[in-house]
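[1] need a 3D model of the following:
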Amino acid sequence: MAQSTLRLLTSSTHYHIESASALLKIDRLSQQITLADDTTVSSTSSSAIVAVFGVLELFSGPYLIVINSSKQVATLGDHHIHEAEDITLLPFAKSLDSLTSVERKAEELCLASLTKLLNAGGFFFSFTYDVTSTQVQQAQKRDTGSSLFDKTDTRFFWNRRLLQPLLDLPERAHHVVVPVAYGFCRSQTLATLDGQSYTFALISRRAVGRAGTRYHCRGVDAAGHCANYIETEQIITAGGLSVTYSQVRGSIPIFWGQQADLRYKPAFHWQTSHDSEQACRRHLSDLTTRFGAVLAVNLVNKTGGEAPLGRQYEDCLTRLTTHMPLDSIWFDFHQECKNMQWQNLDKLMTATAQFRAATSVSIIDISHRTLLQRQRGVVRTNCIDVLDRTNVVQTMVAKEALAEQLRVFQTQLGMSPSHDGAWQDAWPGLAAAVTNIWADHGDECSIQYSGTPAQKSDFTRTGKRTMQGLLRDGYFGALRYFHNNFFDASKQDAMALLLEQASIRRDNGRATASKLIDDDRPFMVKILPLIAMACVSVIVIGLFLPSSTLKASLHVLALLALLASLISIGKRGKQYVANPKLSATSSRLNTGTSSYSNHIERPTIPLESLSQAHVDAVQLSMDTELLLTSPLSKKARIGNTPNRAPVAVASDTRQLAPPPLSFSDALMSKDD
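    Residues are numbered from 1 along each chain as shown. Alright, predicted model coming up:
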């Protein structure tokens, strides 16, 4: 548990938050937040809290969100990372008497959804470590400033907007607040065979730009923000060095969606347009700017309903390879692995091997906070949901990268050997730790997006598919169906409120409350489920009545009425599922930009000037002195598209984006 160094003092007129360096005063009547000069405080109750999450406006006015308790989930050197366990929303208003009955119901609904989201896990923070940034980013930003808030990556800073009223105060007030990320964070400290201690950690950060749930948030928006976008950082630290490997996942970055309609697999709908390709271009351009070369691994089916989406994405990738260091592999996961042929995943690892070897890993000198080597590219993986198939492949890629990470420690520090497959013996317990942490990671990412743990996790945990795993997948598949159709809408709205993509103000309170509470569906739509239930009741009761002509007739009529009502419900499926009422990102095809977009540092490069602008952006962002130690292969050919130029992987960070008109010799750069 994080040490509770703060005291929350509550009275009928004020909240006071007491820390070692400041006393924060919140006037519940005027809603003013200030630093108090007088340390004498009268209160009716006092409690220990861990930190302040932020301030959120609902119908009755602002709510103070506080983290009451947390657990330590990771340790990186001297830094401890905690996951919130108990988060509470405290009203400024003394009561809800000023609200109408509709507003009161809407307020209770919002509070219940927010409380459920905030206490479901996945929100992590640290008092000394920037959880929103990778170790590479932190090394590059070491001279930015002394405060955590001067260095955060706003793409993963989930409570940034809620903290703004507090961040506007003098810096000594910042001790009561922390930047919070959403995703997954775990570490485990182990020892090598010769007794040297080291730490394995895995951190995944979920982006705020197009945050949401499975059927209510798909594809990409106009600014290039991708649904279910997560950056994952695998870290090993020992002897003053940190070696990291990053991967990313995200929804297929074109305009597409699925609207829940009671079917197990709702139909896909997408938009083929210049704007869709422009959004895809922005998303991938951002990745190449941040990471260098990109290998897009597409795991969707090449036949059936998923195939048109896969083809459109592949066509888009083919056109974009002339503008950026990009290549792709379309690997039909289900076709390749059908009939338990999971060994075919080795084909994918072989196809990506040269790219992974060329892009290598990042090395950071922890004591001097210096970046010695930077990973020169990233694997971007997607399936349809970016969950189960993606979890399997990302885990396999991570295990392949692990051997390279361990080789660095052998080379730099003379630690236990890792060559010729011997690392499992020299680093006892690491294989099990990696497997279990990655499997837990897959479950957590899946719960956040779909409501249930991941499917196919038996393969992630054991390396083989089992009958028990298949049965487990069937159970979670059914559970996921109910979550996605009936429960995810309120979670989507809670995310919109938390990120202030939707807002509740005094001037729109009644209209918003009505929108949340009112059921404006036609009368026939409302009554059809009641008719179906009545028919079922008649049929069940009839089973216990004596046989007669009347009973037989009633049974036939009830069965016909039940069948007719179920068919009608099926045809009107979209009107029976729960849909978000507040969220700007709806289940329908949404090509707009969320309200968060203006606060995310993303390139918005015009189509006609993308190439040179992209090169300039890469050179500017990567302009740092690095000591690169890993040699590149003379030639590496990846992908399965014969007419595509090979991806560019530079031997120096100043050349991460080669001239846009020539990529044919991209991997022929000489060894460092």
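
[2] which residues in the stretch 251-400 of the chain form strands?
    All strands of the stretch 251-400 of the chain, identified by DSSP state E, counting those that start in this stretch, fall at 256-258, 268-270, 293-298, 326-330, 362-365, 370-373, 377-382.

[3] which strand of this structure spans the most residues?
    Ranked by residue count, the top strand of the chain under DSSP state E comes out as strand 61-76.

[4] which neighbours does that one have in its sheet, and in what orientation?
    Here strand 61-76 has these sheet partners by DSSP bridges: strand 51-58 (antiparallel), strand 79-91 (antiparallel).

[5] buried stuff in the shortest one?
    This means strand 51-58. 51-58 (16 or more other Cβ atoms under 10 Å). Bear in mind the C-beta positions are built from the backbone N, C-alpha and C, glycine included.

[6] again with stretch 399-415
    Within stretch 399-415, the residues scored as buried using 16+ other Cβ under 10 Å are 399, 401-402, 404-409, 412, 415.

[7] can you list those in TSV and add pLDDT, distance to residue 379 and secondary structure?
    Output for these, formatted as TSV (pLDDT from 0 to 100; distance: Cβ to Cβ, whole Å; DSSP: H, G, I helix; E, B strand; the rest coil):
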residue	pLDDT	distance to residue 379	secondary structure
399	95	13	helix
401	96	9	helix
402	95	14	helix
404	94	13	helix
405	95	15	helix
406	93	19	helix
407	92	19	helix
408	93	19	helix
409	92	22	helix
412	87	24	helix
415	79	26	coil
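
[8] how many neighbours does residue 235 have?
    Residues lying near residue 235 (other Cβ atoms under 10 Å) number 22.

[9] count of neighbours near the closest residue to residue 170 other than its chain neighbours?
    Spatial nearest neighbour of residue 170, chain neighbours left out: residue 35 (6.3 Å); criterion: Cβ to Cβ, 6 or more residues apart in numbering. By the measure other Cβ under 10 Å, the count of residues near residue 35 is 12.

[10] thinking again about what came up before, which one of the strands paired with strand 61-76 lies closest to residue 98?
    strand 79-91 (11.5 Å; Cβ to Cβ).

[11] residues touching the residue nearest to residue 170, list them.
    22-25, 169-170, 172-173 (Cβ atoms under 8 Å, 6 or more residues apart in numbering).

[12] could you work out the end-to-end span of stretch 16-32 for me?
    With Cα to Cα, to the nearest Å as the measure, stretch 16-32 spans 12 Å from end to end.

[13] tell me the mean pLDDT over that stretch?
    For stretch 16-32, mean pLDDT is 90.

[14] what does that stretch rub up against?
    Against stretch 16-32 from outside (Cβ under 8 Å, 6+ apart): 5-10, 12-15, 33-36, 39, 41, 43, 49, 52, 61-62, 64, 92-94, 166, 169, 172-173, 175-176.

[15] please narrow those residues to those residing in strands.
    6-10, 14-15, 33-35, 49, 52, 61-62, 64.

[16] from those, pick the one nearest residue 519.
    Using Cβ to Cβ, residue 61 comes nearest to residue 519 of the ones in strands among the contacts of stretch 16-32, at 26.9 Å.

[17] tell me how many other residues crowd the closest one.
    Applying other Cβ under 10 Å, we find 17 residues neighbouring residue 61.

[18] wait, it sits on residue 92?
    Yes - using Cβ atoms under 8 Å, residue 61 is in contact with residue 92, at 5.0 Å.

[19] got a list of what residue 112 touches?
    Taking Cβ under 8 Å, 6+ apart, we find residue 112 in contact with residue 490.

[20] center of the chain - which residue?
    Central residue of the chain (Cα atoms, centre = their mean): residue 206, 2.8 Å from the mean position.

[21] so the nearest residue in space to that residue that is not next to it in sequence is in which element?
    Among residues not flanking residue 206 along the chain, residue 183 sits closest, at 4.4 Å (Cβ to Cβ, 6+ apart). In the assignment (DSSP states H and E), residue 183 maps to strand 180-191.

[22] what's that strand packed up against?
    strand 61-76, strand 79-91, strand 123-125, strand 197-206, helix 430-450 (3 or more Cβ pairs under 8 Å, 6 or more residues apart in numbering; DSSP states H and E).
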